[in-house]
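>>> Here is a sequence with its predicted model. Questions after.
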Amino acid sequence: MLLLGVVLTPATGCLQNEEPSFNELIQQGPSVLAYYFGEHSPISQQSDPYISSLYRPGDLLYQPILDFQNGRLDKAVPKLKSLSEGGNADAMFWYADFLTKSSVKTKHEGYLWFEKAAKLGNPYAAMVLVPTSKICKDYFKELCSIHWQDTAKSLLEKRAAGGDLRAKYYLERPINPHTKADFEKMLALVDESAKMNFFIPTLDMLKFYEGMGDSTDSEIVRILQIVAKYNFLPAYIALNEFSTKNEIYPTAIKLGSKVQLEIDALRCTKESHKLAIQDLIDCLSKAYTLNDFYNEPFTLKYMVLPDDPNLIQKAKEKSKAFIDTMTPTVYIDEMHVDGFF
C-alpha cells in the first residue's frame, strides 16, 4: 500500500522509506506539480498585466513582436527590418523567420539573417540552422550544419549563466520525459520557472497528461486557472477547451486574446440583422477590433452592415476606444513562433 512514498515491506510489514517509482509518479497525475498543489494556492488576479509577458511596453521589441503575434506583419516587419539592420540579434530572428516563410524568393535571405543572428549571439537562430530543425528541413536543409548545435548550446549556457530562465529551460528540458530522471528534471524546471512567472514549462508539462480522464482534466483546469491569474494568455486559450463559460472572456480579451474575441464576436454576428441599435454597435465594434488589431477581416464579412454610416462610425470609435484600454501581452517566443503550445 502506497502512503506518500512510504511502503510496507512484504517480509516484515515494517514501514520503509522509498522513493516513488516512475509509474507511481505518473499515476499521481498533475497533482505531482508541487507549485500548484503544494503550499501555493489560487490567488486573486495579478494587477500587473505584463507579469508573465515576454516583453513590456517600452521594451524595444514589445511592439514589433506583439504586432508579429497579432498577424499585423504590415506593422511588424518594417520595425524588425530596421532593428535587424541596426544590429539587434533578437530582432534578426523574427525578421529571418518572416523572410524564410514568406516566399521562395526570400528564403535564402532569411537563412542569411538567421546565420548573422547566430553569429551575434542568438541561440535560437543557431538552433534553426541545425539539420534536424523543422525550419532547416523545410526551407534550406542543404545549408544547415551540425556545428550550429554546439554553438546553440554554448549561447544558451551563456544566457542561462546570466540569469535568463527561458534559456535555462530550453537548455535543460528533457525532450521526452519518459524516464524517472528526466521526468523529475522536468518537474523541477516547471516548479522553478513558475516561481519566476515563466509558464511555458507548465503548459509543456500539461501536454503529458492530456486524455488521461476526467479527474486529470479537473487538475489541469485548476493549474490553468492559477496560470491565468498571472495573465499568461495561453492559459486562457487552453481553458476555452474545457469550458464554454465566458466569465474569463473580458480579462482574456483585454490581455489580447484573439480566440476569445472571435468567439464573442461570432455569437452576435449571426443575429446582426435583427439586433437593437446599441447591441449592433457593440457587436460591430468587436468585428472592427478583430480587423484592425489582428488583421482578421472575416468576422466583418459575416455581419449584415447597417445602411446608416453614423452607426458604422460609432462602432469604429468604440473599437478604437477599446483598443486603447487593452494591455496586450507577448506570449510567443522563438520556440513557439506560431503561438501554439
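Looks like it arrived, so ask away.
>>> quick one, helices of the stretch 101-250 of the chain?
Using DSSP state H, counting those that start in this stretch, the helices of the stretch 101-250 of the chain run over residues 107-119, 123-128, 134-139, 147-161, 165-172, 180-195, 200-206, 214-229, 233-239, 249-254.
>>> From the contact counts, what lies against the fifth one?
Think helix 165-172. If you count contacts as 3 or more CB pairs under 8 Å, 6 or more residues apart in numbering; DSSP states H and E, helix 165-172 packs onto helix 123-128, helix 147-161, helix 180-195, helix 200-206. For every residue, glycine as well, the C-beta is placed using N, CA and C.
>>> try 7 Å
Judged by 3 or more CB pairs under 7 Å, 6 or more residues apart in numbering; DSSP states H and E, helix 165-172 is in contact with helix 147-161, helix 180-195.
>>> now the helices of the stretch 101-250 of the chain in CSV, with mean neighbour count and distance to Ser319?
Compiled in CSV, the helices of the stretch 101-250 of the chain are given as follows (neighbours: other CB atoms under 10 Å; distance: least, CB to CB, whole Å):
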stretch, mean neighbour count, distance to Ser319
helix 107-119, 20, 34
helix 123-128, 26, 35
helix 134-139, 16, 36
helix 147-161, 17, 40
helix 165-172, 19, 34
helix 180-195, 18, 35
helix 200-206, 22, 30
helix 214-229, 18, 25
helix 233-239, 23, 20
helix 249-254, 19, 12
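>>> circling back to that earlier point, of the helices and strands packed on helix 165-172, which is nearest Phe93?
helix 147-161 (12.0 Å; CB to CB).
>>> so what secondary structure elements neighbour that closest one?
If contacts are counted by 3+ CB pairs under 7 Å, 6+ apart, helix 147-161 sits against helix 123-128, helix 165-172.
>>> contacting residues around it?
Residues outside helix 147-161 that contact it (CB atoms under 7 Å, 6 or more residues apart in numbering): 118, 121, 123, 126-127, 129-130, 167-168, 170-171.
>>> Quick check: the farthest pair among those?
Using CB to CB, those reach their maximum pairwise distance at Leu129 and Lys168, which is 21.4 Å.
>>> Could you list the domains of this protein?
Split into domains by automatic domain parsing, the chain comes to 6-49+171-253, 62-162, 257-325.
>>> got any ranges where this structure has weak pLDDT?
Counting by pLDDT under 70, the chain shows low-confidence ranges at 1-17, 39-42, 243-246.
>>> can you tell me the helix or strand for Ala315?
Assessed by DSSP states H and E, Ala315 sits inside helix 309-325.
>>> Next, the buried residues of that helix.
Buried residues in helix 309-325, counting neighbours by 16 or more other CB atoms under 10 Å, are found at 311-312, 314-316, 318-319, 322.
>>> Need these in TSV (columns: distance to Lys141).
What follows is the buried residues of helix 309-325, written out as TSV (distance: CB to CB, whole Å):
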residue	distance to Lys141
Leu311	54
Ile312	50
Lys314	53
Ala315	48
Lys316	47
Lys318	49
Ser319	44
Phe322	45
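>>> Out of the residues you listed, which is nearest to Met196?
Ranked by distance to Met196 (CB to CB), the buried residues of helix 309-325 are led by Phe322 at 31.7 Å.
>>> So which residues make contact with stretch 90-98?
So stretch 90-98 is in contact with 61, 65, 68, 73, 77, 80-81, 83-84, 110, 113-114, 116-117, 122, 124-125, 334, 337, going by CB under 7 Å, 6+ apart.
>>> thinking again about what came up before, would a markdown table of the helices of the stretch 101-250 of the chain with distance to Tyr302 be doable?
Shown next, in a markdown table, are the helices of the stretch 101-250 of the chain (distance: least, CB to CB, whole Å):
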| stretch | distance to Tyr302 |
| --- | --- |
| helix 107-119 | 35 |
| helix 123-128 | 38 |
| helix 134-139 | 33 |
| helix 147-161 | 45 |
| helix 165-172 | 39 |
| helix 180-195 | 40 |
| helix 200-206 | 31 |
| helix 214-229 | 29 |
| helix 233-239 | 22 |
| helix 249-254 | 18 |
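>>> out of these, which comes closest to Leu54?
Evaluated over the helices of the stretch 101-250 of the chain, closeness to Leu54 peaks at helix 165-172, with 8.1 Å, by CB to CB.
>>> Check the offset of that closest one from the chain's centre.
16 Å (CA atoms, centre = their mean, to the nearest Å).
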